[in-house]
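Peer 1: any chance you can model this:
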Amino acid sequence: MKKKSLKTELMLESVIYGMLAIVIVSIIVTFVLFNFIENEQYKKNSALSRAVAYQLDSYFMQPSDVLNELKETLYLSDYITDNHKQDFVDSIVENISKFSSVLILDDSGTVLFSSPENPEIIGIDHSSYPYFLNVKEAGKVYWSSAFFAFESKYPQVGISMKVEDEIMVAILDMQSFASHIYDMDLGDKSIITVTDDKGNYVAHTDMDTVFLRGVDQMYQTYSSGNIPDTVSYKGLDYIPIVETIEERNWVITVLQSSQTFYKPISQMLIVSIITTLLILVLVYLLSKRRVNKLMVTVNDLTEASEIISSGSYQHQVKDSQYYEFNQLSMAFNKMSRDLDIITNNLEKQVKDRTLELSKANEDLKTSLNTLKETQAKLVESEKLASLGQLVTGVAHEINTPIGVAFTMTSYLKELTQITEEKISNKTITKRHLDNHIESTLKTLLLLENSLHQSTQLIASFKQLSIDESSAIKKEFSLESLINNVLLQNENKIKESGINLNLSIRDVHLNSYPLELEKVLNGLIKNAITHGQPKNITIISLVTDKVQIKVKDDGLGMDNDVLEKIFHHFFTTSRSEGVGLGLTIIYHMITNLLNGTIEVNSEPQNGTEFIITLPID
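Peer 2: From the prediction side, this is the model:
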């Protein structure tokens, strides 16, 4: 494994931690400045929109005062005549440039009076005009929506007041206000718009929009208070600042281009990045200088270590200006002196230990030989014990049929003697002779069954001792062998009503086919006899070895039975055998076939035997 350089590690840690701290501080500062500059931009635009709102209020303030003055003069004074009324109103219109005209309507909207005097409009119905429609209470000033007269390209606004049964209307020309907005020097691509309560443009920095009697499509959004972050106007994105004049539902909007709005923020980000990079370079240079100073002492210690490791234990390390390194140097020098002392005594200790180890080695050899002898004796003892258990089991199993045969032989001998006496005495009868023959046949049948059972026990016992010299090893197909086994057991499987499921992957084995057939035959017969299954499944898997699974869904076994199934003479059904079937299978697989066998089972969940064999 490649070792790391301490100098590189110190440099990396210093630079990384420094960079991390600087980047975190830069991000925090940038975030704070970003919010600050953004808020300042919003404040500046909000101040501009409020200024325009103030100018609009100021623009409307004088006409309101004039209406109140006209009310006092025309309706509350007893000294003014009709001739003086025309002159008085005409003088007001002439002196106030923003006034276009003054009208007096009756309560049905018919024009009764006009200034400048215009006989053509006297008697004309103005009930559909906005300055008539919005008047409701007497003595209160109402402002109409903007409208356009045929003779003017600028919007006009009607200021109305109801006095008694008549309505005074001052038509206010918005030309000077709109021109003022148009002439404002915004210094960038910002746009200022003023819309009335219908969304009609009253003033716009793009005067053509007013001349074309445009309508602000965003009016409903602005007036509802749902102001978007950006709006699009003529293909450009703008940041909107909206000021609403609640008394009239007029909306003043300042639109500043996104590029202009975020320009100070972009400049701030560039300055922040450059400053951060410069600080990082400075941190790197300072870290490098500091690490180089520390490495001087480290290099001295490294050099001293190499000298001492070569055997020069008298070498001493110089003192360092750093307290921790100085403590290390003192410990290093003390270690060097101690090593010198230890080295002088080491050879003597090595010689002493060598003698001790030689003696211990002889003792170990003696103990090992004793252990091997003891182990051989234990193995032999275990073999004898196992053989003794096997012989005892065989003797126990064979005792019953041999005992029955002996009893039948004695009985047959006695019966024969009785018949012989009757023949000698010439007292034998045909009936007695018939009974003798019948008893003899029954006795011989029992004797034959007992001897046959003894023969089977002896044959099973002989199979426990597998003779490899008599077994034939050759190459064969696993699939063909399994099909042959199933053919041999076809009748038993059909009679038991068992479904057979196969998943065989063929492979050629170099092993003992006859013995493997016996193993599979034994497992299938065992499943049918003891498991009572509905299904038997045989699966073969091939990797670097062959795995054969024989699985049934029968009665299964509990743990107590599972631990004993390979023991000699263990069976769950004495009437079906003597308990050597699985023992023989186990010995064949482990000794002759050089494989392993495992078994998994649970009560009522079936049993699975897993055989693993080498391919060659």
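Peer 1: residue 73: neighbouring residues, count only.
Peer 2: 16 (other C-beta atoms under 10 Å). Any C-beta I mention is one placed from the backbone N, CA and C, and that applies to glycine too.
Peer 1: for residue 227, same thing?
Peer 2: Counted with other C-beta under 10 Å, residue 227 comes out at 13.
Peer 1: what of residue 234?
Peer 2: 7.
Peer 1: show me what residue 250 is bridged to.
Peer 2: Beta-bridge partners for residue 250, by DSSP bridges, are residue 245.
Peer 1: gap between it and residue 182?
Peer 2: Distance from residue 250 to residue 182, counting by C-beta to C-beta, to the nearest Å: 18 Å.
Peer 1: what is the helix or strand residue 294 falls within packed up against?
Peer 2: In this assignment (DSSP states H and E), residue 294 forms part of helix 258-309. Packed against helix 258-309 by the contact rule (3 or more C-beta pairs under 8 Å, 6 or more residues apart in numbering; DSSP states H and E) you find helix 6-70, strand 236-245, helix 323-424.
Peer 1: if we can go back for a sec, looking at residue 250 and residue 182, which one has more neighbours?
Peer 2: The neighbour comparison of residue 250 against residue 182 (other C-beta under 10 Å) goes to residue 250, with 24 against 14.
Peer 1: so what's the more buried one scoring on pLDDT?
Peer 2: pLDDT recorded at residue 250 is 81.
Peer 1: contacts only, for it.
Peer 2: Contacts here follow C-beta atoms under 8 Å, 6 or more residues apart in numbering; on that basis residue 250 touches 56, 194-197, 202, 244.
Peer 1: switch to 10 Å and redo it
Peer 2: 53, 56, 60, 143, 145-146, 157, 194-198, 202, 219, 223, 243-244 (C-beta atoms under 10 Å, 6 or more residues apart in numbering).
Peer 1: same question for residue 607.
Peer 2: By C-beta under 10 Å, 6+ apart, the neighbours of residue 607 are 523, 526-527, 530-531, 533, 550-557, 562, 565, 599-601.
Peer 1: pull out the buried members of the contacts of residue 250.
Peer 2: Taking 16 or more other C-beta atoms under 10 Å as the criterion, what is buried in the contacts of residue 250 is 53, 56, 60, 143, 145-146, 157, 194-197, 202, 219, 223, 243-244.
Peer 1: distance of the residue nearest to residue 85 when sequence neighbours are not counted relative to residue 67?
Peer 2: Leaving aside its chain neighbours, residue 85 sits nearest to residue 74 (6.1 Å; criterion: C-beta to C-beta, 6 or more residues apart in numbering). According to C-beta to C-beta, residue 74 and residue 67 sit 10 Å apart.
Peer 1: residue 138 pairs with what?
Peer 2: Under the criterion used (DSSP bridges), residue 138 bridges to residue 162.
Peer 1: test my guess that it contacts residue 167.
Peer 2: Yes. Using C-beta atoms under 10 Å, residue 138 is in contact with residue 167, at 9.3 Å.
Peer 1: what sits in contact with each of those two?
Peer 2: In contact with both residue 138 and residue 167: residue 161, using C-beta under 10 Å, 6+ apart.
Peer 1: report pLDDT for residue 220.
Peer 2: Reported pLDDT for residue 220: 64.
Peer 1: next: the one 5 residues further on.
Peer 2: Reading off the per-residue confidence, residue 225 sits at a pLDDT of 66.
Peer 1: do the same with the one 5 residues further on
Peer 2: Looking at residue 230, its pLDDT stands at 78.
Peer 1: ok, it - contacts?
Peer 2: Counting by C-beta under 10 Å, 6+ apart, residue 230 has contacts 236-240, 255, 258, 261.
Peer 1: in CSV: those residues, plus pLDDT.
Peer 2: As requested, the contacts of residue 230 are exported to CSV (pLDDT from 0 to 100):
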residue, pLDDT
236, 77
237, 79
238, 79
239, 80
240, 82
255, 80
258, 72
261, 72
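Peer 1: which one of these is nearest residue 120?
Peer 2: residue 255 (42.5 Å; C-beta to C-beta).
Peer 1: do I have it right that that closest one meets residue 227?
Peer 2: No. Using C-beta under 10 Å as the test, residue 255 is too far from residue 227 to be in contact (11.4 Å).
Peer 1: hang on, residue 332 packs against residue 307?
Peer 2: No. Counting by C-beta under 10 Å, residue 332 does not reach residue 307; the two are 11.1 Å apart.
Peer 1: related to what we said a few turns ago, neighbour count winner among residue 138 and residue 167?
Peer 2: residue 167 (24 against 12).
Peer 1: thanks a lot, catch you later.
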